[in-house]
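> How does the following fold in three dimensions:
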Amino acid sequence: MSTDHISKISFKNNAVCLLVPVAIIAGSWLFVTTDLHGQDPALDAFRQMQAALQQQMSEDLDQAIVYLDAQIEKQPESYDVQVLRHSLASKLADEERYVEAFEQYQELLEFQIAHLEEQQYGVGMTIESLSKLSELSNRSEGLEKAVNKALVAFRALPAESTRAWDPLSQLVVLKAHSLVEDNRADEAATAVAKHVEALEDACKASDATESIMHAHVALLKRLINPNRNNDQWREDYITKLDTACITAFERFPKSMRLQNNYAETQYLMITQWGQDDPEANEKRIETAFAKLSLPAISNRSVNAILRRIEIHRERMQSAKPVASLVGQAAPDWDIDGWANTVGVTRKSFEGQVVLLDFWAMWCGPCIATFPHLREWREEFGGQGFEIVGVTQYYNFEWDDEQKRASRANGEVTPQQERETLASFLDHHQLEHPVMVAPKNSEMSSNYGVKGIPHAVLIDRDGTVQLVKTGAGPATAKEIHDKIKELLAPAN
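This is a model prediction of the structure:
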């Protein structure tokens, strides 16, 4: 019997999803049609066992554990019986019995590692489940041991075996994260780079398959996970992801999942990762439409992404031209709240030279400007100069243990996100005031923001004197020199 069909099931009251074989969730979800009943004794036996386990789980979970252990003892080499641990673990997690759920996945993983040549993808799914449960069950050490054991098994596969790149990549990334947490970031970066290089070589081979190309993209996506925005390799792999998606899409243009990978990555490059260069971004939009218009006819996901890109372009086009801002009175400020100060209004900065810095916590180029912001405030702060950060709500939360901000699974309140911003600013040693604009605010548009970081320099009289988008030495020098000029005593 095959149990290859996979779905996702959520734990009750937790934003956690575990990969679970559909065939074991409930009789009504089985992909096996009822007219097969009675024609396959092995199938009938499995379905009876599955139904019995479901009944036991609904009545007494402890008895269900005893029942499944007994069935596995009778057929220890049966994958169909072993995989029922997925169903039991999911039910245990629903009841918030996380430690026991974790242990069920550990037992399943032991079986899959012992049969790794046939169970490589199963290992990947089980590791994913263990990863989701590790924090809830306080079993981070258990996850680390599981990852290490699975990695050793993968590397011990015979040379002639076909390796499943995707689950192996998942293990490498989890191992790298563990090394980072252990303050071994350089070792983690080296391990990641070695694996990326190996997969790049596999993609360059003349017989590279669509699956290998997809695995390469999936690896790079894991490495730039927004929940890991402090990993030192993140910015480098954003560029690699862009290149990998383009290459894969051009090689297999009819592959819907590679079409989706390319479209999703272009959307993120346009709206987040590459927006510090508005001119290049506009060219990227044109290229994306040229390449994706035909696939969008039959691929609904691509069609939806193109619509989102078009909405973004319309919003950017509605922003005031930068040339129309310089020499004019600075537009009004739209303040929903302050992240790290209270009782401040625009009038608090009258008579000062003000640098408005439009930025976001997820923006790598924005973070690259932080040293300059600190230096300018230290150099000019006593001369009537202030920096005022401007950002928006992105549903981020702060992890005090890991010292990082990341997108929250659930909804966070504006007050909670301002507290996250305050922690983020403190972590990066930024002391200038930061405002948060309300949702649907037109402030960014009024200040000509088409990408971030976006700096607007306002003189003592409230007139815009300089507007710059992006990060880099040349941009930083131009801003620094203009601040110095505006603060110079009048002749």
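
> Mean confidence (pLDDT) on the helix or strand residue 398 falls within, please.
Take DSSP states H and E as the rule and residue 398 turns out to sit in strand 396-399. In this model, strand 396-399 has an average pLDDT of 92.

> next one: that strand to chain centre, how far?
Centre-to-centre, strand 396-399 and its host chain are 13 Å apart (Cα atoms, centre = their mean, to the nearest Å).

> list the helices and strands it packs on?
strand 404-407, helix 414-427 (3 or more Cβ pairs under 8 Å, 6 or more residues apart in numbering; DSSP states H and E). Just so you know, the C-beta spots here come from the backbone N, C-alpha and C atoms, and that holds for glycine as well.

> which helices and strands sit right next to the helix or strand in which residue 87 is found?
In this structure, residue 87 sits in helix 84-94 according to DSSP H and E. Contacts defined by 3+ Cβ pairs under 8 Å, 6+ apart place helix 84-94 against strand 17-21, helix 41-59, helix 61-74, helix 98-114, helix 116-136.

> And the next helix or strand past the last one?
Where DSSP H and E defines the elements, the next helix or strand beyond helix 116-136 is helix 140-155.

> Output the contacting helices and strands for that next one.
Packed against helix 140-155 by the contact rule (3+ Cβ pairs under 8 Å, 6+ apart) you find helix 98-114, helix 116-136, helix 165-181.

> Looking at these, which is nearest to residue 340?
helix 165-181 (27.2 Å; Cβ to Cβ).

> Could you pull up the mean pLDDT of that closest one?
When pLDDT is averaged over helix 165-181, the result is 93.

> Let me know the angle separating it from helix 140-155.
Using axes from the mean of the first three to the mean of the last three Cα atoms, to 10 degrees, the interaxial angle of helix 165-181 with respect to helix 140-155 works out to 140 degrees.

> which residues are in contact with helix 165-181?
Judged by Cβ atoms under 8 Å, 6 or more residues apart in numbering, the contacts made with helix 165-181 from elsewhere in the structure are 120-121, 123-125, 127-128, 131, 143-144, 147-148, 150-151, 154, 185, 187-189, 191-192, 195, 199, 202, 211-212, 214-216, 218-219, 222-223, 228, 231, 402.

> Also stretch 303-319?
Contacts of stretch 303-319 from elsewhere in the structure, counted by Cβ under 8 Å, 6+ apart, are 260, 263-264, 266-267, 270-271, 278, 281-282, 285, 288-289, 292-293, 296-297, 444-450.

> same thing with stretch 399-418?
For stretch 399-418, the surrounding residues in contact (Cβ under 8 Å, 6+ apart) are 15, 181, 226-230, 336-339, 361-362, 393-398, 420-421, 423-424, 427, 436.

> Put the alpha carbons of that stretch into CSV.
The C-alpha atoms that make up stretch 399-418 are tabulated as CSV, following Å, rounded to 0.1, in the frame of the first residue of the first chain:
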residue,chain,number,x,y,z
ASP,A,399,12.7,36.8,20.0
ASP,A,400,14.6,38.0,23.1
GLU,A,401,16.6,34.7,23.3
GLN,A,402,17.8,34.8,19.7
LYS,A,403,17.9,38.6,19.5
ARG,A,404,16.0,38.8,16.3
ALA,A,405,12.8,40.0,14.8
SER,A,406,10.7,37.9,12.5
ARG,A,407,7.3,37.6,11.1
ALA,A,408,4.8,36.4,13.7
ASN,A,409,2.6,33.3,13.0
GLY,A,410,-0.4,35.0,14.6
GLU,A,411,-1.5,38.6,14.7
VAL,A,412,0.4,41.1,16.8
THR,A,413,-1.0,44.4,18.0
PRO,A,414,0.4,47.8,17.0
GLN,A,415,1.7,48.2,20.5
GLN,A,416,3.4,44.8,20.5
GLU,A,417,5.1,45.6,17.2
ARG,A,418,6.3,49.0,18.4
